[in-house]
Every structure is written in structure tokens, then in C-alpha cells.
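[1] What shape does this take:
(one chain, ligands or ions: 1)
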Amino acid sequence: MSSVQTEERVVTTYRLWEMKQRGEKIAMLTAYDYTMARLLDASGIDIILVGDSAANVIAGHVTTLPITLDQMIYHAQSVHRGVKRAMVVADLPFGTYQGNYREALASSIRIMKEAEVDGLKLEGGQEVIDSISRVISAGIPVMGHLGLTPQSIHKFGTYSVRAREEDEARKLLHDAHLLEEAGCFGIVLEKIPARLGAQVASELKIPIIGIGAGNGVDGQVLVAHDMLGANHEFSPRFLRRYADLAAVMTDAFSHYVADVKSGDFPGDNEQY
Ligand code: KIV
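    The predicted structure is shown next:
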């Protein structure tokens, strides 16, 4: 007799849609590894994003552009192993979907098969709508990402607030509707005026998750390392710090160094 493994996530695209219907806010944070993913899942987070911000936070690159599909798959596999409840969404990295829909489909199918994530996030609106539609038609849940899209940072030339001007705000609204019509299950809006964030959230039926998009959207996302205070150099206005991990870790490391140097570690009951 054979048995089928039925591993069902508690948080699904349908559950997210229900949350928006009843006005329950959605909490989303990033993770790139098993240990962080387990802790996040246990804390009741709704969505864990395996962000291409791993390029910055984990690998130390200035932009998100260098991270590869293989590297994203490695991070997504590690996160997937640590999660039972939350929905796991992975970023498709720069250069793996912008060319054409065939490339987008091949990249998406690879990461879905190899990392077993629950959905993917792709940056952009009209420019990539063909790719997004084809990925969704293959049965893959897609989250859009508009506003400040870090994979296009060389086009913008700055990390400042997007869509302050009327033209850009109109395009963003149009793109958001296109993404909803294409079947995206949600959209991340990054660094845009709060009023525009609220307008998108009220016009669209799908959940809108903000990062620097104000409090009128359906949920919030932050990079976990940033909200934990692991990195003091990055201090945008939208970031609320919930811990000072840099201080806690530096303190622990320097205590360890001192204990090793003084011969205090290991003690009698820390050896065989
Ligand atoms: O890569 C990432 O961490 C992201 C968030 C900033 C939304 O896309």
C-alpha cells in the first residue's frame, strides 16, 4: 500500500484573500535560512519571503542584481524545510524572467520544483505582464511588486520615494490593475506615498502588502535583519527596529573571544 504525503500549509492564497475581506492585516517578513524560518513560523507570521535581498543581507552585494537562480533555490529550500504554517514566497532573481515568457516559465518551474515554495514574486508591471500571465497560467501563484523595484535600481538611479509625480502614480495604479487582472494573488508596494498605497488597496480585491507604503494597505513586509537591528547602516523612515541584534551579537562574540583568550572557556563541565 502506498501513502501520499499531504503537507498543507495553513496560510494559502485563498486564506490571504479572506484576511483582506475581513480586514485582518497580513504580516510578512524575509528569511533566507532554516533557523530564521522556523523562528518566524513559530511566531505566527503569515508570509515568509525568501527575498533577493539575500544578495545584500547575506552576500554583502550593494544591489540585488548579482544573486542567481541557483542561489535563490538554495535559500528557498532551506526556508521551506523550516516552515509548517506560513506561506513561503520566493523572489525570481534579476535576469531570470525579464527576457521573455519562456525564460520566466523555465525559471519559475525550476524554483517551484526544486524548492517547493508556495508562490513567487516578480518585480514590474506592464513590461513583464506577459511573463507573469504565463507563469500564472502554469498554476503558479504570483505576487507582483511595484513602486521601488530594486532590480531596476540602475534605471531609477536612486532609492528615493517613487510615484510622487502624477504620471508615475497613474502608471503604478494602471500596473496594479493589470497585475490583478492577470491573476496575481497579491502585490508588494515599496516606498511610495501612503495616499497612493491606500488608493491601490481600496481599488483592488487582492491583498496589497506595503514596505514604506503607509498604513492604508492590507499588510506589511520588512527585511527581518533590518527590523532586528542587525544592520545599523540602513535606516529608512519606514523601518521600525524591534531589537538591537547588532549590539546583542557583538556583545556575545566579544565575551566569547575574551573567555577563550583568558582560558575561562571551556570550563570543567564543558569538556569530556
Ligand atoms: O527582497 C526583498 O526582501 C523584498 C522586500 C523588500 C519586499 O523584495
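
[2] mind checking how far the helix or strand harbouring Arg195 is from the chain centre?
    According to DSSP states H and E, Arg195 maps onto helix 194-203. Put simply, helix 194-203 sits 20 Å off its chain's centre (C-alpha atoms, centre = their mean, to the nearest Å).

[3] Convert the C-alpha atoms of the following helix or strand past it to CSV, please.
    Next in sequence after helix 194-203, counting helices and strands by DSSP H and E, comes strand 208-211. Provided in CSV are the C-alpha atoms of strand 208-211 (Å, rounded to 0.1, in the frame of the first residue of the first chain):
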residue,chain,number,x,y,z
ILE,A,208,-1.6,44.8,-1.0
ILE,A,209,1.4,44.5,1.2
GLY,A,210,3.5,47.6,1.8
ILE,A,211,7.1,48.3,2.7
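
[4] This protein: strands as residue ranges?
    Under the criterion DSSP state E, strands of the chain are mapped to 26-30, 47-50, 87-91, 119-123, 142-147, 186-190, 208-211, 219-222.

[5] Could you report the pLDDT at the closest residue to Pro66 other than its chain neighbours?
    Distances taken as C-beta to C-beta, 6 or more residues apart in numbering put Ala55 closest to Pro66, at 5.6 Å, once the chain neighbours are dropped. Backbone N, C-alpha and C define where each C-beta goes, glycine included. With respect to pLDDT, Ala55 scores 98.

[6] which ones are touching Ala55?
    Neighbouring residues of Ala55 by C-beta atoms under 8 Å, 6 or more residues apart in numbering: His61, Thr63, Thr64, Leu65, Pro66, Ile67, Pro93.

[7] Deepest-packed of the strands of the chain, please.
    Mean neighbour count, computed with mean count of other C-beta atoms under 10 Å, is highest for strand 47-50 among the strands of the chain, reaching a mean of 29.

[8] The ligand contacts on the stretch 151-272 of the chain?
    The stretch 151-272 of the chain comes close to the ligand at residues Val188, Ile211, Val221, Val223, as judged by C-beta under 6 Å from any ligand atom.

[9] domain parsing for this structure?
    13-241, 244-272 (automatic domain parsing).

[10] Pretty sure Phe185 sits against Gly119.
    Yes: counting by C-beta atoms under 8 Å, Phe185 does reach Gly119; the two are 6.7 Å apart.

[11] any residues in contact with both of these two?
    Shared contacts of Phe185 and Gly119 (C-beta under 8 Å, 6+ apart): Thr13, Pro141, Val142, Met143.

[12] Just give me the closest of the residues you listed to the ligand.
    Nearest to the ligand, judged by C-beta to the nearest ligand atom, of the shared contacts of Phe185 and Gly119 is Met143 at 9.4 Å.

[13] out of the strands of the chain, nearest to His174?
    Closest to His174 of the strands of the chain, according to C-beta to C-beta: strand 142-147, at 10.1 Å.

[14] who does the closest one touch, helix- and strand-wise?
    If contacts are counted by 3 or more C-beta pairs under 8 Å, 6 or more residues apart in numbering; DSSP states H and E, strand 142-147 sits against strand 119-123, helix 129-137, helix 166-182, strand 186-190.

[15] let's see it at 10 Å
    Judged by 3 or more C-beta pairs under 10 Å, 6 or more residues apart in numbering; DSSP states H and E, strand 142-147 is in contact with helix 13-21, strand 87-91, strand 119-123, helix 129-137, helix 166-182, strand 186-190, helix 194-203, strand 208-211.

[16] deepest of the domains of the chain, which one?
    With neighbours defined as mean count of other C-beta under 10 Å, the domains of the chain peak in mean count at domain 13-241, which reaches a mean of 19.

[17] what about the stretch 51-200 of the chain, any weak spots by pLDDT?
    Scanning the stretch 51-200 of the chain for pLDDT under 70 picks out nothing.

[18] In contact with the residue of it found nearest the ligand, which residues?
    Residue nearest to the ligand within the stretch 51-200 of the chain: Gly51 (2.4 Å; C-beta to the nearest ligand atom). With contacts defined as C-beta atoms under 10 Å, 6 or more residues apart in numbering, Gly51 is in contact with 28-32, 57, 64, 67, 72, 75, 89-91, 121, 145, 150, 188, 221, 223-224.

[19] Residue numbers of the stretch 1-150 of the chain in contact with the ligand?
    Thr30, Leu49, Gly51, Asp52, Ser53, Asp91.
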